[in-house]
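> fold the following.
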Amino acid sequence: MFNLRFLLELSYRGTSYFGWQVQSEGTTVQGVLQEKLSLLLQQVVEIVGCGRTDSGVHASQYFAHFDVPESCVNQLFLKSMNAMLPKDIAILSITQVADDFHARFDAILRKYIYRIHLNKDPFAPFYSYYLRETNFLSIDLLNQAAKLILQIEDFRSFVKTGNELENFYCKIYESQWIQIDENHFEYHIAANRFVRGMVRLIVGMSINFTLNKITMDQIENDLKAYRQITKSWSISAEGLSLVEIQYPKNKLKQL
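Residues are numbered from 1 along each chain as shown. Got it, this is the predicted structure:
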């Protein structure tokens, strides 16, 4: 008997979780999935995700793979798996993949969107952050800050303090603000990889610049010196969603 590898496409609301990755304390998305799949298949199942998401961050598209013995395949029904999961985690599809397919290492692009609304709205989506500091944002100034990100490859200025990272290199494919209407804004960023806390720190920098709390000279000087941005602001995780993962075409042909 041999193992087969399967790929899950899923989405989750991150509000109640301490991120994706299993931790010693706190409920995580990976932990819940492993627990429920292990219960369904009556054996230990270890799941490998396409990357980490921080505590409170959402994902409308996320991929993860796991291996199971061939004898368990007939138990992998989508409805059965979803029935065991809480309402804030949903498996969208399950596909058999090649044995060497890796959800994390094979991914070539990850895209996040950060959503903001400026007016107090009890019906605002759970994935949008209510920015109380102002009732106006300049889309032109926001995009001035966003354009800087396209010129950077080393992101040590946008990483949380206390990190143990050695690699700060990220290749950025998209960095732009979009104004939906006068009260709703979105920041779109896509890259091959992200360092911890990077997107929320970029959003915080963009807003601080727009509100005249920091200048462009200060930002550029901090970037050149590889130090954390002046008045660094890691904005709430509430508005951040992972929305897209891409894999090479030759890998997708294996699905």
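> surely residue 183 touches residue 117?
Yes - the criterion here is C-beta atoms under 8 Å, and residue 183 meets it with residue 117 at 5.6 Å. In short, each C-beta sits where N, CA and C put it, glycine included.
> who touches both of these two?
Common neighbours of residue 183 and residue 117, using C-beta atoms under 8 Å, 6 or more residues apart in numbering, do not exist here.
> can you mark which positions in the host helix or strand of residue 176 are buried?
Per DSSP states H and E, residue 176 falls inside strand 172-181. Going by neighbour count (16 or more other C-beta atoms under 10 Å), the buried part of strand 172-181 is 172, 175, 176, 177.
> my guess is residue 130 meets residue 123, correct?
No - counting by C-beta under 8 Å, residue 130 stays clear of residue 123, with 11.8 Å between them.
> neighbour count for these two, which is higher?
Set side by side, residue 130 and residue 123 show more neighbours around residue 130, with 14 against 4, by other C-beta atoms under 10 Å.
> chain neighbours aside, what residue packs nearest to the more buried one?
Nearest residue to residue 130, sequence neighbours excluded (C-beta to C-beta, 6 or more residues apart in numbering): residue 117, at 5.8 Å.
> one more: residue 187?
residue 114 (4.3 Å).
> now do residue 156
residue 168 is the one closest to residue 156 (C-beta to C-beta, 6+ apart), at 4.3 Å.
> kindly report the same for residue 92.
residue 9 (4.5 Å).
> what about the one you found, how many residues nearby?
Residue 9: 17 neighbours (other C-beta under 10 Å).
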